[in-house]
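Visitor: Provide a 3D model corresponding to the input given below.
(one chain, ligands or ions: 1)
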Amino acid sequence: MSAGFIGLGAMGAPMAGHLAARKLLSVIDNRTRSKAETLAAQLGVRAAATPADFAGCTVVALCVSMDADVLQQVEALAGVLKPGSVVVDHSTVSVATAKRAQALLAAKGIGFLDAPVSGGVEGARNGKLSVMVGGDAADLEIARPTLESYAARITHMGATGSGQATKAVNQVLVAGINEAVCEGLALGEKLGLDPDKLLPTLMAGAAGNWFLEKRGATLLRNQFAPGFKCGHLLKDLRIVQGMAHDAGIRATVIEQALADYAELVQRGEADADTSALILLKRG
Ligand code: NAP
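Guide: Numbering: from 1, shown residues only. Predicted structure coming up:
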């Protein structure tokens, strides 16, 4: 079993680190090549010079940015991987992209799993991600040792696309929680409440949640280092908006979050953490 990893950002770099710690990782790559070279030297693995460097991998995991990035990498890997190997995509992209990637690889006898993750950069660093998997059960068994190196939970949701569908649901909750926490804490600031008392009090009751715990104190100090970038949540919300429209649900949370993150990105906050939403809520 030999794994490759492509996309070494806030999530991918620590995930690759867990694979290397289990001696499963052999080669890595990233759009900005210097990042791959630096991390490869730290982890004692190879930095790819061309896609052919992944030819010997049983599993190649991706954690890149957008739909087009996933398809670019899948097309390159389809030309070099052996039949029976598996590509696992941890990026958050559309169901249509997952299906397209699966079809491109299936034509060469290569498996594909859409396997988006939740748990934030903390989950990636601690190796405690929740992985939601769509695709063939036999391909999941091939990829399982790779996923186990950074997952607390691996759930096979069903056929190709069902991992991304699950992640879409996850992002509705994430966006709504961010709206509520940032609005509530903006109100708390205006009311002059002491954050050192407010935050633990909220966490101890029914309002406690991951975002409040991990980002509450930093957002009140105007520290917005990602984390999870506003630009990435905007991408996710655009995907989710289309799905909600097709499903015919009343999507007021999605619409509000979409408008807010579009405004933040327009203000130049695309690379800030999503907790920068407090900037809008302060009025
Ligand atoms: P990030 O910090 O922006 O990292 C993305 C990485 O992918 C960068 O290192 C980037 O290279 C690389 N990349 C982009 N396009 C590429 C391509 N075509 N080929 C090779 N490498 C490419 O983003 P992230 O926070 O790690 O998120 C990655 C994905 O996971 C996104 O789809 C995001 O929505 C999702 N996600 C994020 C979180 C989170 O909390 N951050 C949680 C769950 C899921 P450069 O160095 O050139 O920029």
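Visitor: use CA for all of it now, contacts and neighbours both
Guide: OK.
Visitor: The closest residue to Gly123 other than its chain neighbours: what's it in contact with?
Guide: If the residues on either side of it in the chain are set aside, Gly123 comes closest to Leu129, at 4.9 Å by Cα to Cα, 6 or more residues apart in numbering. Counting by Cα atoms under 8 Å, 6 or more residues apart in numbering, Leu129 touches 117-120, 123, 150-153.
Visitor: Burial check on the residue in the stretch 151-283 of the chain that the ligand sits nearest to, number of neighbours?
Guide: Residue nearest to the ligand within the stretch 151-283 of the chain: Phe228 (3.7 Å; Cα to the nearest ligand atom). Neighbourhood size, Phe228 [other Cα atoms under 10 Å]: 18.
Visitor: Apart from its neighbours in sequence, what residue is nearest it?
Guide: Nearest one to Phe228, counting by Cα to Cα, 6+ apart, is Asp273 at 5.1 Å.
Visitor: Now that neighbour, what are its backbone angles?
Guide: Here the main-chain torsion angles of Asp273 (degrees, to the nearest 10) amount to phi -60, psi 150.
Visitor: how deep is it tucked in, by neighbour count?
Guide: Here the number of neighbours of Asp273 (other Cα under 10 Å) works out to 21.
Visitor: is it true that it touches Pro226?
Guide: Yes. Applying Cα atoms under 8 Å, one finds Asp273 in contact with Pro226, separated by 4.2 Å.
Visitor: Is there proximity between the longest helix along the chain and the ligand?
Guide: Determined from DSSP state H, the single longest helix within the chain is helix 162-190. No. Helix 162-190 lies out of reach of the ligand by Cα under 6 Å from any ligand atom, never closer than 8.7 Å.
Visitor: One more: stretch 62-76?
Guide: Yes. Using Cα under 6 Å from any ligand atom, stretch 62-76 reaches the ligand at 63-66, 69.
Visitor: Could you provide those in TSV, with additional columns for pLDDT, neighbour count and secondary structure?
Guide: Below are the residues of stretch 62-76 next to the ligand laid out as TSV (pLDDT from 0 to 100; neighbours: other Cα atoms under 10 Å; DSSP: H, G, I helix; E, B strand; the rest coil):
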residue	pLDDT	neighbour count	secondary structure
Cys63	98	27	coil
Val64	98	24	coil
Ser65	98	17	coil
Met66	97	16	coil
Asp69	98	16	helix
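Visitor: CA atoms of stretch 134-149 as PDB?
Guide: Only the C-alpha atoms of stretch 134-149 are listed here, as PDB (Å, rounded to 0.1, in the frame of the first residue of the first chain):
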ATOM      1  CA  GLY A 134     -19.700   8.200  -1.800                       C
ATOM      2  CA  GLY A 135     -18.700   5.400  -4.200                       C
ATOM      3  CA  ASP A 136     -18.000   1.700  -4.400                       C
ATOM      4  CA  ALA A 137     -17.700  -0.200  -1.200                       C
ATOM      5  CA  ALA A 138     -14.800  -2.300  -2.500                       C
ATOM      6  CA  ASP A 139     -12.900   1.000  -3.400                       C
ATOM      7  CA  LEU A 140     -13.500   2.200   0.100                       C
ATOM      8  CA  GLU A 141     -11.900  -0.900   1.500                       C
ATOM      9  CA  ILE A 142      -8.800  -0.200  -0.600                       C
ATOM     10  CA  ALA A 143      -8.700   3.400   0.600                       C
ATOM     11  CA  ARG A 144      -9.700   2.700   4.200                       C
ATOM     12  CA  PRO A 145      -6.100   2.600   5.700                       C
ATOM     13  CA  THR A 146      -5.400   6.000   4.100                       C
ATOM     14  CA  LEU A 147      -8.600   7.500   5.500                       C
ATOM     15  CA  GLU A 148      -8.100   5.900   9.000                       C
ATOM     16  CA  SER A 149      -4.900   7.800   9.400                       C
END
